[in-house]
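Asker: Build the 3D model from these lines:
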Amino acid sequence: MTHSQKAEFQFAPEPTVFVVNVIHAHAGKQEEAFEIIQDVVHYVAERKEGFLWSNLSKSTDGKTVVNIEAIRDENNVGEFFSDPAFVEKFKRLDAVSQSEFHIYRVSDLVLPRQRMA
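Answerer: Numbers count the residues shown, from 1 in each chain. Prediction:
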């Protein structure tokens, strides 16, 4: 599938919509939870035009996994969940974790101040 927009950083970022999944893994299940959400995100990345990029992270305490995913707009979430294969993959998290997600629109972007030499 060809994407009309490639993921890249820009000097002056545009307002962005993010999905943030916080996955609280059951004891000893962080790696399995990570692999499940990784599979979900790769599925979306390969098939959904609204996907821009994702950052998947594991907490250092072994308890959580976080997916911070940039999408074109809030409507993409409904598009993702209308796909039965996506829903089936996403529901696999229920066996190894409790999870939640929220949609965010950037309201303030703070960048480092440029220091003059």
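
Asker: Which parts of the protein are helices?
Answerer: Remark: helices assigned in the chain by DSSP state H are 30-47, 75-81, 84-91.

Asker: Please identify the deepest-packed of those.
Answerer: With neighbours defined as mean count of other C-beta atoms under 10 Å, the helices of the chain peak in mean count at helix 30-47, which reaches a mean of 18. (C-beta placed from N, C-alpha, C; glycine too.)

Asker: And it, what does it pack against?
Answerer: In terms of contacts (3 or more C-beta pairs under 8 Å, 6 or more residues apart in numbering; DSSP states H and E), helix 30-47 is packed against strand 17-25, strand 51-58, strand 64-71, helix 84-91.

Asker: Could you pull up the mean pLDDT of stretch 97-116?
Answerer: Mean pLDDT, computed over stretch 97-116, is 88.

Asker: neighbouring contacts of that stretch?
Answerer: Contact with stretch 97-116 is made by 13, 15-26, 29, 33, 65, 67, 74, 77, 93, as judged by C-beta atoms under 8 Å, 6 or more residues apart in numbering.

Asker: let's see it at 7 Å
Answerer: 13, 15-26, 29, 33, 74, 77, 93 (C-beta atoms under 7 Å, 6 or more residues apart in numbering).

Asker: Kindly give a single ChimeraX line that selects the buried subset of those.
Answerer: Here is the ChimeraX command that selects only those of the contacts of stretch 97-116 that count as buried (16 or more other C-beta atoms under 10 Å):
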select :17,18,19,21,22,23,25,29,33,77,93
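
Asker: picking that back up, Serialize the helices and strands packed on helix 30-47 to TSV and add fields for mean pLDDT and distance to Ala45.
Answerer: Compiled in TSV, the helices and strands packed on helix 30-47 are given as follows (pLDDT from 0 to 100; distance: least, C-beta to C-beta, whole Å):
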stretch	mean pLDDT	distance to Ala45
strand 17-25	97	13
strand 51-58	96	5
strand 64-71	97	9
helix 84-91	97	12
